[in-house]
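K.L.:
Attaching a predicted model along with its sequence, questions to come.
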Amino acid sequence: MSEATTHDAHDHHDHGPAKGLMRWVTTTNHKDIGTLYLLFSLLMFFVGGAMAMVIRAELFAPGMQIVDPYFFNQMTTNHALIMIFGAVMPAFVGLANWLLPMMIGAPDMALPRMNNWSFWILPFAFSMLIGTLFMDGGAPAAGWTIYPPLVLQTGDAFPFMIFAIHMMGISSVMGAINVIATILNMRAPGMTLMKMPLFVWTWLITAYLLIAVMPVLAGAVTMLLTDKYFHTSFFTAAGGGDPVMYQHIFWFFGHPEVYILILPAFGIVSQIIPTFARKQLFGYSSMVYATASIAFLSFIVWAHHMFTVGMPVAGELFFMYATMLIAVPTGVKVFNWVSTMWKGSMTFETPMLFALGFVVLFTIGGFSGLMLAIAPSDFQYHDTYFVVAHFHYVLVTGAIYAIMAGTYYWLPKWTGHMYNETLGKWHFWLSTITVNILFFPQHFLGLAGMPRRIPDYSVQFAEFNMISSIGGFAFGLSQLMFAYIVISTIRGGKKASDQVWDGAKGLEWTLPSPPPYHSFTEAPEVK
């Protein structure tokens, strides 16, 4: 080692690690970055939730009560963008950051400085997105799908929204590259791909989906930008363009995106259920193949979002059958979770309750999705509240329940403290009762023909809307409990044992999907 390098090394040690705020700004530690993602996601969950409360307050009764129609649709647009790109995706990336290196026995993520950058792009992107609400002409109000020609009539806020979406996409792609590089290059000796915990598998597949589709979204919104400011006519019929082409490009991104939002959830649930059933996961390799099949099929079903645009019957049939095919690998997963629990010695701590809530309620969302997949039925359901009910069962009681399950499950390992089990169970039951009061009536509204994204409605829909809104406010309030539990656990509480989920039950805290045990626990003696 030359003198210069020794001198640099000493210099570095003299200053010590960065203190206070700078520690978080400059950190390259995967646990710190995971924590940042998770806390940011929690913040955005409440911002997006506040927007949902505005929507439900307006829909509490027929007539225009609180906000004007344009602001109502700004709320629907921003609620969706913030929940998808600001709450669910960063939460999964935060879990990946915390857990992937530990699960595969790596010292950190493969690209730690890029990891830091991936996170710090997000606060700026979302400040810009939320900032559009305060600009002249107001934020775009075209739904999260930002369809032309509607979106092309919006004001100065439009380019800021597009730029924010580009930044979210860059963050996601960098995170995905990091995940793939880490999993493929940094596994501990002996950990073959088919010995990885399922959470690792689902993230590996999700990362490939992200790299494949985020650039497609970037292309679509860039074409919108040039249509508005550079007089191109990609989607302007007057110039020979086609607004339906935008839908094809958008949904080619949008359908794999919904699997990006659920595959990591499958991984979390596949870690939790074996732990509390005290059994190894049933059908490990079939779970891996099912996940890969879902990812593959997600690329060839996009136009089921577009059955009503006037496509050829052959196209409708193809997309209908391809969509229904996704039910097969998804069904395999549900049956495997149920088989894992079959004859297990189950206990029902909070993580297990959320995992079970996930299995039951996500399945309801899956069945309503199958109904939407049937082209002739979809002509009736399309753009009604039935669709809203469907995707909220998949995303709230699916993705968000899994995130909460994972938070309760791993929080003791992250903080060294046990969360309050009684409060955790209260949070689960209040959430589960209220989330069903919130979204179940929306199925009936949709089947009766109530359109979505409309602030006023006919009087026959009043009762179900009032029930739905009451459920919405109650569900929103229940989540304050979650924030309280998380923050109080970070700040202190009963010390967690080495094997958190041990109790008197002799249970390894994180039973891996297959053997061998990960670096958290000593490998048990083979008898």
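P.N.:
All right, it came through fine.

K.L.:
pLDDT below threshold where in this protein?
P.N.:
1-17, 502-527 (pLDDT under 70).

K.L.:
please redo it, this time with the cut-off set to 50
P.N.:
For the chain, applying pLDDT under 50 flags the ranges 1-14, 503-527.

K.L.:
mind checking the SS state of the most centrally placed residue in it?
P.N.:
Nearest to the mean C-alpha position of the chain, by C-alpha atoms, centre = their mean, lies Val88 at 3.1 Å. Look at Val88: counting by DSSP: H, G, I helix; E, B strand; the rest coil, its state is helix.

K.L.:
you'd agree it is up against Tyr401?
P.N.:
No. Val88 is beyond contact range of Tyr401, at 11.2 Å (criterion: C-beta atoms under 8 Å). Every residue, glycine included, has its C-beta placed from N, CA and C.

K.L.:
how far out from the middle of the chain is the longest helix along the chain?
P.N.:
Criterion DSSP state H: the longest helix present in the chain is helix 198-229. Its chain's average C-alpha position is 14 Å from that of helix 198-229, according to C-alpha atoms, centre = their mean, to the nearest Å.

K.L.:
Return the set of buried residues in the helix or strand that comes right after it.
P.N.:
Heading C-terminal from helix 198-229, the first helix or strand you meet, by DSSP states H and E, is helix 243-260. By neighbour count, with 16 or more other C-beta atoms under 10 Å as the criterion, the buried positions of helix 243-260 are 243-244, 246-260.

K.L.:
How about stretch 148-166?
P.N.:
Buried, per 16+ other C-beta under 10 Å, within stretch 148-166: 148, 151-152, 154, 157-158, 160-166.

K.L.:
Including secondary structure, could those residues go into a markdown table?
P.N.:
Putting the buried residues of stretch 148-166 into a markdown table (three-state DSSP) gives the following:
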| residue | secondary structure |
| --- | --- |
| Pro148 | coil |
| Val151 | helix |
| Leu152 | helix |
| Thr154 | coil |
| Ala157 | helix |
| Phe158 | helix |
| Phe160 | helix |
| Met161 | helix |
| Ile162 | helix |
| Phe163 | helix |
| Ala164 | helix |
| Ile165 | helix |
| His166 | helix |
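
K.L.:
Among those, pick out the one closest to Gly424, please.
P.N.:
Distance to Gly424 across the buried residues of stretch 148-166 (C-beta to C-beta) is lowest for Ala164, with 34.5 Å.

K.L.:
doesn't Leu122 make contact with that closest one?
P.N.:
No. The criterion here is C-beta under 8 Å, and Ala164 misses it with Leu122 at 9.9 Å.

K.L.:
All the strands of this structure, in order from the start?
P.N.:
Counting by DSSP state E, the chain has no strands to list.

K.L.:
so who does Ser298 touch?
P.N.:
Leu209, His255, Pro256, Val258, Tyr259, Ile326 (C-beta atoms under 8 Å, 6 or more residues apart in numbering).

K.L.:
Mind doing that once more with 6 Å?
P.N.:
His255, Pro256, Tyr259 (C-beta atoms under 6 Å, 6 or more residues apart in numbering).
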